[in-house]
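Chemist: Let's see this in three dimensions:
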Amino acid sequence: QCLNRVWCLYELLHAFKSQCEVRLILCPEERDAFYRALLRDFNSVGNALTRIDARQAEASVEADRQLIFAAIEAEMGFDEFNEELRHKLKGCLERVVERRIHGGPVDSPEMLGRSKPGDSPAIS
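Modeler: Numbers count the residues shown, from 1 in each chain. Alright, predicted model coming up:
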């Protein structure tokens, strides 16, 4: 859901422009649901990443949405922003699958999921 919130996208915009590492952490329930979805229908998970569109993001305050949309458009444009986001998420998904195939640790920094304090899974 974080990718549907404009303030989260605003933070990602600045991280992309600053070339910062971005980490995505899922709570245990979301992580487990994600793994189940991968096992049940891997292609649907991959295809969902290609449909991410920042233009669909929401905000509780309409003025915030308009302001952040204008910033995305001015800094990168929605097409470039969406492509960057999809590319980073695809890379993360590949690392998750590779770790799961090779029996890597669930809490690895390369994976989506729970992490040790100060050590989070990267999507960059």
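
Chemist: Over to the most centrally placed residue in the chain: give its phi and psi.
Modeler: When Cα atoms, centre = their mean is applied to the chain, the residue found nearest the centroid is L89 (5.2 Å). The phi/psi pair for L89 (degrees, to the nearest 10) reads phi -70, psi -40.

Chemist: Distance of E30 relative to R36?
Modeler: Distance of E30 to R36, given as Cβ to Cβ, to the nearest Å: 11 Å. For the C-beta atoms, the positions are set from N, CA and C on the backbone; glycine is no exception.

Chemist: Compare neighbour counts for the two and give me the winner.
Modeler: Neighbours were counted for E30 and for R36 using other Cβ atoms under 10 Å; E30 has more, 14 against 10.

Chemist: how much distance is there from the strand or helix carrying that one to the middle of the chain?
Modeler: Element membership of E30, judged by DSSP states H and E, is helix 28-50. Taking Cα atoms, centre = their mean, to the nearest Å, one finds the center of helix 28-50 at 13 Å from the center of the full chain.

Chemist: Downstream of that helix, the next helix or strand is which one?
Modeler: helix 62-75.

Chemist: Export only the CA atoms of that next one, formatted as PDB.
Modeler: Taking Å, rounded to 0.1, in the frame of the first residue of the first chain, the C-alpha atoms of helix 62-75 are listed here in PDB:
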ATOM      1  CA  GLU A  62      -6.000  16.700  -2.300                       C
ATOM      2  CA  ALA A  63      -3.600  19.700  -2.200                       C
ATOM      3  CA  ASP A  64      -0.800  17.400  -1.100                       C
ATOM      4  CA  ARG A  65      -1.500  15.100  -4.000                       C
ATOM      5  CA  GLN A  66      -1.500  17.900  -6.500                       C
ATOM      6  CA  LEU A  67       1.800  19.300  -5.000                       C
ATOM      7  CA  ILE A  68       3.600  16.000  -5.100                       C
ATOM      8  CA  PHE A  69       2.300  15.100  -8.600                       C
ATOM      9  CA  ALA A  70       3.700  18.500  -9.800                       C
ATOM     10  CA  ALA A  71       7.000  17.700  -8.100                       C
ATOM     11  CA  ILE A  72       7.200  14.300  -9.800                       C
ATOM     12  CA  GLU A  73       6.400  15.800 -13.100                       C
ATOM     13  CA  ALA A  74       8.900  18.600 -12.800                       C
ATOM     14  CA  GLU A  75      11.800  16.400 -11.500                       C
END
